[in-house]
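A.B. asks: My questions concern the predicted model and sequence given below.
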Amino acid sequence: MALSDFVAAVVAVLRRRPGDLLPLYLLGVAVPAIVRVVPFLALGVAYLQLAATGRLETIQTQLADLESPPDPNADPEAFETWASGLEPLVDQLVTPPLLALAAVSVIASVLVFAVLSAAVAAGQVSACYGRLRGTRGLRTGIDGAVRFWLRFLGLFVLELVCWAVVLGTVGIATALFAGGISLAAGSGAVAIPVVLLGAFVAFLGVLVVRALFALAPVAIVVDDAGVVTSLRNVLGFVRSQPVAAAFYYVIAIGVLVGLSTITGLFSVADIVTVGSLLSALVVMPALDLLKTAIYCGYRGRLRPPEPPARSLRDGVQAGLRRGWHELIAFVRAHPGAHVVAAGLGLLGFWMGWVAAGPFVGTFEASITARLEGEFPPTMAANLFGNNWLVAFTTAYAGVAFAIPAIVSLLFNGVSIGVLARLEVDPFELAAFVLPHGILEIPVILIAGALGISVGVTAWQTWRGRVERPELAAALERAFWVLIGIGIVLAVAAIIEGFVSPYYYRLFL
């Protein structure tokens, strides 16, 4: 097959039914939101332990006696004196039970992250394989996640071991050789070229390992191979199809460099969410599809869908219309989930308001200070990107039986409650929030309700009450609802960046 055929297959899959593939990549973005449930639970246990031992009351008393922190730049000595007053608080927190709890939390978080990442990666590659063979992506992806997650986890661990072996071997050899030359010459300067050469060799070694392991996940899925067999199959592919392999590697490096460049340019303008959105919605799906298409072509199993008949512009417009209609339909069809989401948001706000009580007078929040120096276009872009990512992660993290979605709603409510309680001018804060908040807050709650709905479906699938196609349909439906949420968040971000910070000042 011509190399252009592989690119055409990637474009066809991405333009035809994107909702049948992209949810698994958004689920990858949501993995950290699922993992953070572990430390949040640990914090809850720590709070109960402090309350049971009476340390919590002591901490609250000591916080109430603290004065507001001085400016560390204006008076470093005064700030250091103030910081020394925190030592009694640290003594209350650094205890053997709490340290053990922290250690368990870290270990559990790493394990959960590794397992979830392996399962999601297996689902992503399986979905790409399914779409490139003309079958349903999400359905195939869910089956692949269940079937291949352990092999993917083994592949990840083996790659880390290979990196450690390469870096360790080259590092030890370089240190011994450089040390010998330095002793023989009586000068350490002569060893600098050896160290630079060792660093270059280590870089090449890591690059070769990454290149080999980059294609191994595809071999696991396409060939139904084990970890070691997949690596052998990839070596056979590279030997048999060096041009196709080189084509993928060049494209992958170019795309990743381009993404880094775009992310860096936007970072200069203080827009920090572009890279995450592009990576989840375009770059990673396209690269996975490309390497899967190339390997499928090598195995003679490539049967991609036909290219869409309508233009890209018409496709985008149709997608936005569908997203808006799916959003309205979801709100109408799930009133109970929205009541629960609103209740959790209010509960979180109350918890934050109460928790911030001991800090009133010690710490202050000011909306005026937070808005100082903000540039409206940059502010609007950041708010839209950040809020849409929050919506994505809240909705798709809910696949873990709705628990992360519940935690996210509580966490956001707590954050707002704390800021509201510590705000120096509550009227100004309310005036700022009102214009965009009437749009932004409801759709964030809708994202939470969406996460709860997805979680209920995942639980029913786990218990065998519904089949996996129902879970696949829920994930695809969530994608289109989130497109509708994105429309509302874009309008809210424009209002928050260009209107909310300025309109009420005319009346002050």
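C.D. replies: Great, that's in hand.
A.B. asks: Domain boundaries for this structure, per the record?
C.D. replies: Per automatic domain parsing, the structural domains of the chain span 3-38+100-299, 310-507.
A.B. asks: Quick one: mean pLDDT over the last one.
C.D. replies: Averaged across domain 310-507, pLDDT comes to 92.
A.B. asks: and T58, what pLDDT?
C.D. replies: pLDDT, read off for T58, is 78.
A.B. asks: contacting residues around it?
C.D. replies: Q92 (CB atoms under 8 Å, 6 or more residues apart in numbering). The C-beta positions use only the backbone N, C-alpha and C, and glycine is treated the same way.
A.B. asks: Which helix or strand contains it?
C.D. replies: If you go by DSSP states H and E, T58 is part of helix 55-65.
A.B. asks: what about the domains of the chain, which gets the closest to T61?
C.D. replies: Of all these, domain 310-507 sits nearest to T61, with 8.5 Å by CB to CB.
A.B. asks: How far does the closest one sit from its chain's centre?
C.D. replies: 16 Å (CA atoms, centre = their mean, to the nearest Å).
A.B. asks: same question, stretch 148-164
C.D. replies: Worked out by CA atoms, centre = their mean, stretch 148-164 lies 21 Å from the chain centre.
A.B. asks: got the buried residues for that stretch?
C.D. replies: Residues 148-149, 151-156, 158-159, 162-163 are the ones in stretch 148-164 that count as buried (16 or more other CB atoms under 10 Å).
A.B. asks: and those as a markdown table, adding secondary structure?
C.D. replies: Output for the buried residues of stretch 148-164, formatted as a markdown table (DSSP: H, G, I helix; E, B strand; the rest coil):
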| residue | secondary structure |
| --- | --- |
| F148 | helix |
| W149 | helix |
| R151 | helix |
| F152 | helix |
| L153 | helix |
| G154 | helix |
| L155 | helix |
| F156 | helix |
| L158 | helix |
| E159 | helix |
| C162 | helix |
| W163 | helix |
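A.B. asks: Of those residues, which is the nearest to I416?
C.D. replies: W149 (36.5 Å).
A.B. asks: nearest spatial neighbour of that closest one, skipping sequence neighbours?
C.D. replies: Nearest residue to W149, sequence neighbours excluded (CB to CB, 6 or more residues apart in numbering): A119, at 3.9 Å.
A.B. asks: hang on, isn't G345 packed against F411?
C.D. replies: No - contact between G345 and F411 fails when scored by CB atoms under 8 Å: they sit 10.2 Å apart.
A.B. asks: thinking again about what came up before, out of the domains of the chain, which gets nearest to G54?
C.D. replies: Nearest of the domains of the chain (CB to CB): domain 310-507, 15.5 Å.
A.B. asks: The host helix or strand of I444 packs against which elements?
C.D. replies: Element membership for I444, per DSSP H and E: helix 426-462. For helix 426-462, the contact count by 3 or more CB pairs under 8 Å, 6 or more residues apart in numbering; DSSP states H and E identifies helix 312-333, helix 335-355, helix 367-371, helix 376-397, helix 403-422, helix 468-498 as packing neighbours.
A.B. asks: Keeping just the C-alphas, turn the third one into CSV.
C.D. replies: Read that as helix 367-371. This file holds the C-alpha atoms of helix 367-371, laid out as CSV (Å, rounded to 0.1, in the frame of the first residue of the first chain):
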residue,chain,number,x,y,z
ILE,A,367,-11.1,39.2,43.2
THR,A,368,-9.6,42.5,42.3
ALA,A,369,-6.1,41.3,43.0
ARG,A,370,-6.7,38.1,41.0
LEU,A,371,-7.8,40.1,38.0
